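Enquirer: Any chance you could fold what I've pasted below:
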Amino acid sequence: RTPDGLNDAIVIAVNTMPTVALAITDNTVAHNIVTGGEILVAAGIDPSTLLDHTDATVSHTRVVENTVSGSPTIGIVFGLEGNHNIMTDLTIARNTVSGNPSAGILGVGGVFNRFDPNDNGASDNILDVLIKGNTITNNNNPGATAGIAIVGGFFFSSHNQVTAQILNNDVLNNNGNGILVESSQENSSENDVVATIRGNTVENNNGVGILAFGAIGAAALPSGESSDNSLDAHIEENTVSNTFPSLYGIWVAGGIGSFDGAPNKIANANEVNAVVMGNTVTGTTFVDGIHLEAGGPGAASNNTVEA
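Expert: Next comes the predicted model:
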């Protein structure tokens, strides 16, 4: 069992018991057909106890040419729990992910572990990933991301660093947003994300095509503050078409306190540096094809977007 409470089909994970740091390197997960489960790559958690650990390293992992469908949650998920863990040179390539009730591919630099009673969030982790040439179709996550999502710090997690390249993927016919990169969400601060989103085809999704957010204060939590995060996003040469219903093709925002306007959900002093060029956006109705804003809905102050 892993942190989502499921019996995952394929798991790569490392922990640090005993206290000497352990590492996993040079692993490949390829040519599998996974039905009713997910592929998970993780560092900083012991799969046998579900407790956090520190100073774990996962490097040079390849998840390639798999078919994943019908998972109870996410199709392919990777990330870090605990503190001071590292995942580098991870490649997610040429997979087909479909028919899942959440994101097709999700990566998180640091995330709270609800199974560890001593967990206070994940901090000071490093994630480096290439997501290339995947086909993400017919996933169902309305109001959230159904295609590909990268988040720096999620649920009480701060000081994490993520570098992500999202290249030449097909994100088609999903019920939800297409591609999301976000530095922080759910009471998480001082995370840094550098992302390149290039050459992707994002079509016929029931949501925004591509989103790049500095932070969301809280969406699932009753309150929270996500502040002082940074996002450097290059959004180039993508094709985005037919976003429904009447949503932006590309949306860049510095900080969003919340979508319900609650005063105790706060996103302040977040910074986004964005290069948005060479994209083709068609089929948006009544709204901007490309929309940039420093502060979005809710309690959001002193956020910046430089484009």
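Enquirer: Mean confidence (pLDDT) on stretch 196-203, please.
Expert: Averaged across stretch 196-203, pLDDT comes to 98.
Enquirer: Contacts for that stretch, please.
Expert: Counting contacts by Cβ atoms under 8 Å, 6 or more residues apart in numbering, the residues outside stretch 196-203 that touch it are 147, 164-173, 178-179, 181, 209-210, 212, 233-242. In this view, the C-beta of every residue, glycine as well, is placed from N, C-alpha and C.
Enquirer: wait, N273 sits on A233?
Expert: Yes. The pair N273 / A233 is scored as a contact, 7.4 Å apart, by Cβ atoms under 8 Å.
Enquirer: higher neighbour count, these two?
Expert: Neighbours per residue (other Cβ atoms under 10 Å) separate N273 from A233, with A233 holding more: 27 against 15.
Enquirer: Need the three-state assignment for the more buried one.
Expert: When states are read from DSSP: H, G, I helix; E, B strand; the rest coil, the local structure at A233 comes out as strand.
Enquirer: Please point out which parts of the lengthiest strand in the chain sit buried.
Expert: In terms of residue count, the longest strand belonging to the chain (DSSP state E) is strand 140-154. Under the neighbour-count criterion of 16 or more other Cβ atoms under 10 Å, strand 140-154 has 141, 145-154 buried.
Enquirer: what's N83 in contact with, if anything?
Expert: Under the criterion of Cβ under 8 Å, 6+ apart, the contact partners of N83 comprise 44, 52, 54, 122-125.
Enquirer: Show the residue spans covered by the strands in the stretch 101-250 of the chain.
Expert: All strands of the stretch 101-250 of the chain, identified by DSSP state E, counting those that start in this stretch, fall at 105-111, 126-132, 135-137, 140-154, 161-167, 170-172, 175-185, 192-198, 201-203, 210-213, 224-225, 230-236, 239-241, 250-255.
Enquirer: which one of these lies closest to P72?
Expert: Nearest to P72, of all these, is strand 140-154, at 12.0 Å by Cβ to Cβ.
Enquirer: elements contacting the closest one?
Expert: Applying 3 or more Cβ pairs under 8 Å, 6 or more residues apart in numbering; DSSP states H and E, we find strand 140-154 packed against strand 105-111, strand 135-137, strand 161-167, strand 175-185, strand 192-198.
Enquirer: Tell me what angle the longest one forms with strand 105-111.
Expert: This points to strand 175-185. Relative orientation of strand 175-185 with respect to strand 105-111: 20 degrees, computed using axes from the mean of the first three to the mean of the last three Cα atoms, to 10 degrees.
Enquirer: and the angle from strand 175-185 to strand 250-255?
Expert: Between strand 175-185 and strand 250-255, the angle comes out at 30 degrees (the same axes, to 10 degrees).
Enquirer: Show the average pLDDT along strand 175-185.
Expert: 96.
Enquirer: List the buried residues for it?
Expert: So strand 175-185, judged by 16+ other Cβ under 10 Å, has buried residues 175-185.
Enquirer: Dump the C-alpha coordinates for it into PDB.
Expert: Output in PDB follows, covering the C-alpha atoms of strand 175-185 (Å, rounded to 0.1, in the frame of the first residue of the first chain):
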ATOM      1  CA  ASN A 175     -12.800  16.100 -18.800                       C
ATOM      2  CA  GLY A 176     -10.600  18.700 -17.000                       C
ATOM      3  CA  ASN A 177      -7.700  21.000 -17.600                       C
ATOM      4  CA  GLY A 178      -5.000  19.900 -20.000                       C
ATOM      5  CA  ILE A 179      -1.600  20.900 -18.500                       C
ATOM      6  CA  LEU A 180      -0.800  22.500 -15.200                       C
ATOM      7  CA  VAL A 181       2.500  23.800 -13.700                       C
ATOM      8  CA  GLU A 182       2.200  25.400 -10.300                       C
ATOM      9  CA  SER A 183       4.700  26.300  -7.600                       C
ATOM     10  CA  SER A 184       2.500  25.900  -4.600                       C
ATOM     11  CA  GLN A 185      -1.000  25.000  -3.400                       C
END
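Enquirer: and that strand, how far from the chain's centre?
Expert: Centroid displacement of strand 175-185 relative to its chain, using Cα atoms, centre = their mean, to the nearest Å, is 6 Å.
Enquirer: now for that strand, which elements pack on it?
Expert: For strand 175-185, where contacts count as 3+ Cβ pairs under 8 Å, 6+ apart, the packed elements are strand 140-154, strand 161-167, strand 192-198, strand 210-213, strand 230-236.
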